[in-house]
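only the shape, not the letters, is given here:
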Ligand SMILES: Cc1cc2nc3c(=O)[nH]c(=O)nc-3n(C[C@H](O)[C@H](O)[C@H](O)COP(=O)(O)OP(=O)(O)OC[C@H]3O[C@@H](n4cnc5c(N)ncnc54)[C@H](O)[C@@H]3O)c2cc1C
């Protein structure tokens, strides 16, 4: 992702030379503030990762930050990070420049055309219906922003994103604000600032968001705004007045409330949809679509041309989602939390709280009664650890020794010395059946799965480049029937991968039977004697 952002910055800085149209890119640098030692630690970790990609970054004191950004109050700050290579672009100019660059290289752009349907043959998209007629295609890219979910539905493609109200204000000119003023981010106050025509743009990511568009986004809503919502904006305004007291007496030129789409985990959605071949998606940009457009555009182009993700893109891969992620009521609940993730403290092993519990093992209540602290994976509640006597089963987030460590050590020792049972019901379960099931699995699994019925094989699912797609156990139930147990996060990814390898003349079906079976794992040093007894 860091490489991707860097590519975007380089593109915005150099595109004018290619197209003759300015992008409005201004390398003014950025300052990110830390109000707490924990935020400083988080910034240090981010910066260490960024530096490993050659990005210049420097830790600065609050006083040094104030020298570059004089209007800000610093008495509550621990420190800051200065990124000299960062900057800001003008969205309108940037869009025009990107469009011109595309046209120069042969792209044709038709505006005001609405896609009303898709044509799918043998599981592959071969065309689209529009209000101006049919267009045949080999590849289709759904980059319809907040409309992408509904557009996906027309083809049975699952694109979980939901709009939320999103705000910024623009002030009149302020003394001391100039075009070279760095972008300022104050994540502990949920806010950011940048210069615009001598005044400030101030926006933010409030921790409790207001979802919008529950009944669908009106088709002709582009270029429209929502009514002011001062109740929702107030938390950002209070923080802004705290950080920049000058705002108390500055005239506000514009309050802007525009909907933007957010995804359940705060990462955007990229890649080929598992449901339909040739159907690609680039959407759900969580209010970073301008910053990420260049990099995400390059990645999806390489994905389309190369036929596979050009890098490890698991965090943004569309196949990380399940159908339930598009349930409107769940999605709405999650969006309340998702918008704030942009500036939230992302602790190690941080668990999101909204829309839970959703999928539960039949043993859930019993595990809970035993002091289980649950985490969530693809909607499943899974035991992360069991509280020790006197301990509350709740995580205490931090960067030091975690409060679950002793409990986990005890569990580990039990495995080494004794016998334990793990409830792994969340594991994905896929039934692969049909005349050619064995032939197909033999082709895509690394291990030899041609075992006699009643046996099982632990194996890797590989792609055409020899890369690792999944880590699974294949049980041969009958000659033409296999039960695959895969990771909790993997079933939709694996189904897509397996289905894609069924040849035209092969007869195989793949069914997700995850909810139909529990998985209990008996393991530990004394497992054999336990099972014999
Ligand atoms: C208040 C606010 C502040 C923001 N600030 C920033 C910021 O500082 N930095 C940043 O990087 N990002 C910011 N963003 C987010 C950024 O604007 C978006 O992420 C970005 O515009 C999304 O681009 P997109 O191309 O994915 O979607 P869009 O720009 O929404 O484009 C989707 C297009 O698809 C078209 N479409 C939809 N359905 C169909 C159909 N059926 N047929 C044909 N066409 C269709 C729509 O008409 C639209 O033109 C902000 C957003 C808001 C609301």
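Alright, I've got the coordinates. These numbers were taken from a predicted model, which means no experiment stands behind them.

which bits of the stretch 101-250 of the chain sit near the ligand?
With CB under 6 Å from any ligand atom as the criterion, the stretch 101-250 of the chain meets the ligand at residues 114-115, 143-147, 151, 166-168, 203, 222. Backbone N, C-alpha and C define where each C-beta goes, glycine included.

one more pass at 5 Å, please.
Counting by CB under 5 Å from any ligand atom, the residues of the stretch 101-250 of the chain close to the ligand are 114, 115, 144, 145, 147, 151, 166, 222.

for the second one, name its beta-bridge partners.
With DSSP bridges applied, residue 115 shows beta-bridge pairing to residue 130.

still on that earlier bit, list only buried entries from the residues of the stretch 101-250 of the chain next to the ligand.
Buried members of those, counted by 16 or more other CB atoms under 10 Å: 115, 144, 145, 147, 151, 166.

by pLDDT, give me the weakest of the residues of the stretch 101-250 of the chain next to the ligand.
Lowest pLDDT among those: residue 222, with 86.

could you pull out the strands in the stretch 301-450 of the chain for me?
Using DSSP state E, counting those that start in this stretch, the strands assigned to the stretch 301-450 of the chain run over residues 372-377, 380-386, 420-423, 428-433.

how many neighbours does residue 289 have?
18 (other CB atoms under 10 Å).

quick check: phi and psi at it.
Torsion angles at residue 289 (phi, psi; degrees, to the nearest 10) stand at phi -70, psi -30.

repeat that for residue 24.
Per degrees, to the nearest 10, the backbone of residue 24 is at phi 80, psi 10.

wouldn't it be in contact with residue 98 here?
No: assessed by CB atoms under 8 Å, residue 24 is found out of contact with residue 98, at 11.8 Å.

show me where pLDDT drops low in this structure?
Within the chain, the set of residues satisfying pLDDT under 70 is empty.

so which bits of the chain are right by the ligand?
114-115, 144-145, 147, 151, 166, 222, 258, 260, 285, 287-291.

could you rerun that using 6 Å?
Residues of the chain lying close to the ligand (CB under 6 Å from any ligand atom) are 114-115, 143-147, 151, 166-168, 203, 222, 256, 258, 260, 283, 285, 287-291.

neighbours of residue 528, how many?
Neighbours around residue 528, by other CB under 10 Å: 11.

that one looks like it's in a helix, true?
Yes: secondary structure of residue 528 (DSSP: H, G, I helix; E, B strand; the rest coil): part of a helix.

tell me the secondary structure of the residue nearest the centre of the chain, please.
Relative to the mean C-alpha position of the chain, the nearest C-alpha, by CA atoms, centre = their mean, is the one of residue 267, at 2.0 Å. Secondary structure for residue 267, judged by three-state DSSP, is coil.

next: residue 5.
Three-state call for residue 5 (three-state DSSP): helix.

looking at the stretch 201-350 of the chain, which residue is nearest the ligand?
residue 289 (2.1 Å; CB to the nearest ligand atom).

which residues does that residue contact?
By CB atoms under 8 Å, 6 or more residues apart in numbering, the contact set of residue 289 is 145, 260, 268.

so how far is residue 297 from it?
11 Å (CB to CB, to the nearest Å).

swap in residue 56?
Distance, residue 56 to residue 297, using CB to CB: 24 Å.

neighbour count winner among the two?
The neighbour count for residue 56 versus residue 297, taken as other CB under 10 Å, is higher for residue 297 (19 against 13).

hang on, isn't that one packed against residue 282?
Yes: using CB under 8 Å, residue 297 is in contact with residue 282, at 7.3 Å.

and for the spatially closest residue to residue 16 that is not a sequence neighbour, the neighbour number?
Spatial nearest neighbour of residue 16, excluding adjacent residues (CB to CB, 6 or more residues apart in numbering): residue 22 at 5.0 Å. When neighbours are defined as other CB under 10 Å, residue 22 has 14 of them.

could you do residue 161 as well?
28.

got it, and the one 3 residues further on?
For residue 164, the tally of surrounding residues (other CB under 10 Å) stands at 25.

same check on the one 3 residues further on?
The number of residues packed around residue 167, counting by other CB under 10 Å, is 23.

backbone dihedrals for residue 65, please?
Per degrees, to the nearest 10, the backbone of residue 65 is at phi -60, psi -40.

residues contacting it?
For residue 65, the contacting residues are 31, 33, 72, 74, 77, 80, 82, by CB under 8 Å, 6+ apart.

doesn't the last one fall inside a helix?
When you say that, I think you mean residue 82. No: with three-state DSSP as the criterion, residue 82 is assigned strand and is not in a helix.

on that earlier part again, so which of the residues of the chain next to the ligand are in helices?
151, 289, 290, 291 (DSSP state H).

tell me the two of those that are most distant?
The most widely separated members of those, counting by CB to CB, are 151 and 291 (23.4 Å).

the residue lying closest to residue 97 once chain neighbours are set aside: which element?
Distance criterion CB to CB, 6+ apart; nearest residue to residue 97, sequence neighbours excluded, is residue 21 at 4.1 Å. Under DSSP states H and E, no helix or strand contains residue 21.

got it, and the one 10 residues further on?
Assigned by DSSP H and E, residue 31 falls within strand 30-34.

then residue 231?
Per DSSP H and E: helix 230-243 holds residue 231.
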